[in-house]
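Asker: My questions are about this predicted structure, shown below with the sequence.
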Amino acid sequence: MKKRIAIPTENGVLCSHFGHCESFYIADIENNKLVASVFVTPPAHEPGLYPAWVKEQGVSEVICGGIGQKARDLFDAQSITVYYGADKKDPENLIQDHLNNMLKTGQNECDH
């Protein structure tokens, strides 16, 4: 099974607020293994833009810290699964945690 996972990042680790990230770590997963990854700079932020852009990248899952309700609704409408409240750490470690069913998620820190 193939899938793509996106993680918003800042300074090489998970960005605590989805809409304020400087890049996205995009991971290609095949047969539950990380086979390729890349950091990609998104377009300038505008409300509602990132979910559409992430979908254009072929992403089916997003791991993030805080994320606004509008972005969550837009991802839901595009059948993209969002795991929010993840720990602020290296994206490759988050991917491995997710693949090993050990991803810790918690409270959404975003209030909009």
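Answerer: Yep, that arrived. Bear in mind that the values here come from a model prediction, so they are computed numbers and not experimental data.

Asker: From Leu99, how far out is the residue lying farthest from the centre of the chain?
Answerer: What lies farthest from the middle of the chain is Asn31; by C-alpha atoms, centre = their mean that is 19.5 Å. For Asn31, the distance to Leu99 equals 10 Å [C-beta to C-beta, to the nearest Å]. C-betas here are computed from N, CA, C, even on glycine.

Asker: what does Gly66 give?
Answerer: Look at Gly66 and Leu99: by C-beta to C-beta, they are 23 Å apart.

Asker: and these two? which has more neighbours close in?
Answerer: Using other C-beta atoms under 10 Å, the more surrounded residue of Gly66 and Leu99 is Gly66, with 21 against 15.

Asker: What's opposite that one in the beta bridge?
Answerer: Taking DSSP bridges as the rule, Gly66 bridges to His17.

Asker: for Glu10, same thing?
Answerer: Val13.

Asker: give me the number of residues near it?
Answerer: Neighbourhood size, Glu10 [other C-beta under 10 Å]: 15.

Asker: same question, Phe39
Answerer: When neighbours are counted by other C-beta under 10 Å, Phe39 registers 13.

Asker: ok, now Thr9?
Answerer: So Thr9, with other C-beta under 10 Å, has 21 neighbours.

Asker: re the thing from before, list the contacts of the residue farthest from the centre of the chain.
Answerer: Asn31 is in contact with Met1, counting by C-beta atoms under 8 Å, 6 or more residues apart in numbering.
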